[in-house]
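1. predicted model, plus sequence, below.
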Amino acid sequence: MPTSLTPAQAWQKLLDGNARFVAGTSVHPNQDAARRSSLVNEQNPFAIIFGCSDSRLAAEIIFDLGLGDAFVVRTAGHVLGDAVIGSLEYGVDVLNVPLVVILGHDSCGAVTAAKNTIDTGVMPRGGLRDLVERITPSVLAARRAGNDDLNDMVIENVRQSSERLLDSSRAISEAVDAGRTAVVGVAYRLADGRADLVAGHGAL
C-alpha cells in the first residue's frame, strides 16, 4: 500500500531526520532484519531524493533513513536526463511518493567544473562535457544576479534543476498541481550537515 503521508508530512519527516543527524542523535531507523524481510515483496518510500553523486552526500544518512524509506537517484551535479526523469516519474506515478527532493551541496565538483569552463574557455572531454553544458546556465544565471560565489551557483543549480524537472515532466507537474506530490530543492552544508530549503513547488 502507498504511503499515507502528505507532501508536507513527508518533508517534515526529512527535516526531523536531518535535525537528528546534525545533532549527532541519529536513530538509524528501519535497518534491522525484520524491516528487510517486510520489504521483500513491496516498497513504499515516502520520499524521492535526486541528489548529487558526491560521496559526502549519502541521502539515507543525512536524513537518518532506513531501508524502504527513500527512492534515491544520483548523478554528478544532479543533472537531469531522460533516464533520471523516467526514474523520478516511476517514483511519483507508480510508487505514489508524495515528495521529490533535489539535493545539492556546497563545494560541488560538477558546478566547479562548469564555472572553470566558463572562466577558461576550455571545454572538458567525454561525458563530463555534457554535464558542464547542462550546468552552465545555472552558473551564468547566478553571475547575472551578481553572485560569483561557487555556493551561490550551487543554490541556483538546485533551483534550476527543480524548475527544469517540472518543465520536462508532465507527469510530475500534474502530480504537483493535483497536490499528490511536491518538489523541493535543498542545499546541503558539508561542514555542519544541515539541509536547507532553497526552492519549493507544491503544498508544503
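-> Sure, I can see it.

2. helix or strand for K13, which one?
-> K13 is part of helix 7-23, with elements assigned from DSSP states H and E.

3. in terms of secondary structure, what does that helix contact?
-> strand 47-52, helix 59-62, strand 99-105, strand 182-188, strand 195-201 (3 or more CB pairs under 8 Å, 6 or more residues apart in numbering; DSSP states H and E). Bear in mind the C-beta positions are built from the backbone N, C-alpha and C, glycine included.

4. in the shortest one, which residues are buried?
-> It refers to helix 59-62. Within helix 59-62, the residues that count as buried by 16 or more other CB atoms under 10 Å are A59, E60, I62.

5. which member of those is positioned nearest S38?
-> E60 (16.9 Å; CB to CB).

6. I figured the closest one hits V72, correct?
-> Yes: contact criterion CB atoms under 8 Å: E60 and V72 qualify, at 7.2 Å.

7. tell me which stretches of this protein form helices.
-> Along the chain, the segments classed as helices by DSSP state H run 7-23, 33-38, 59-62, 82-89, 109-120, 126-144, 150-168, 170-177.

8. adding mean pLDDT and distance to L95 as columns, could you present those helices in a markdown table?
-> Listed next are the helices of the chain as a markdown table, based on pLDDT from 0 to 100; distance: least, CB to CB, whole Å:
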| stretch | mean pLDDT | distance to L95 |
| --- | --- | --- |
| helix 7-23 | 98 | 12 |
| helix 33-38 | 94 | 16 |
| helix 59-62 | 96 | 16 |
| helix 82-89 | 97 | 10 |
| helix 109-120 | 94 | 27 |
| helix 126-144 | 94 | 26 |
| helix 150-168 | 96 | 16 |
| helix 170-177 | 97 | 12 |
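
9. nearest to A187, out of these?
-> Evaluated over those, closeness to A187 peaks at helix 150-168, with 5.2 Å, by CB to CB.

10. before we move on, the earlier item: let me have the helices and strands packed on helix 7-23 in JSON lines, extended by distance to T136.
-> Formatted as JSON lines, the entries for the helices and strands packed on helix 7-23 read as follows, by distance: least, CB to CB, whole Å:
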{"stretch": "strand 47-52", "distance to T136": "16"}
{"stretch": "helix 59-62", "distance to T136": "26"}
{"stretch": "strand 99-105", "distance to T136": "15"}
{"stretch": "strand 182-188", "distance to T136": "18"}
{"stretch": "strand 195-201", "distance to T136": "19"}
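
11. and the ones you listed: which comes nearest L5?
-> For L5, the closest of the helices and strands packed on helix 7-23 is strand 99-105, at 8.0 Å, according to CB to CB.
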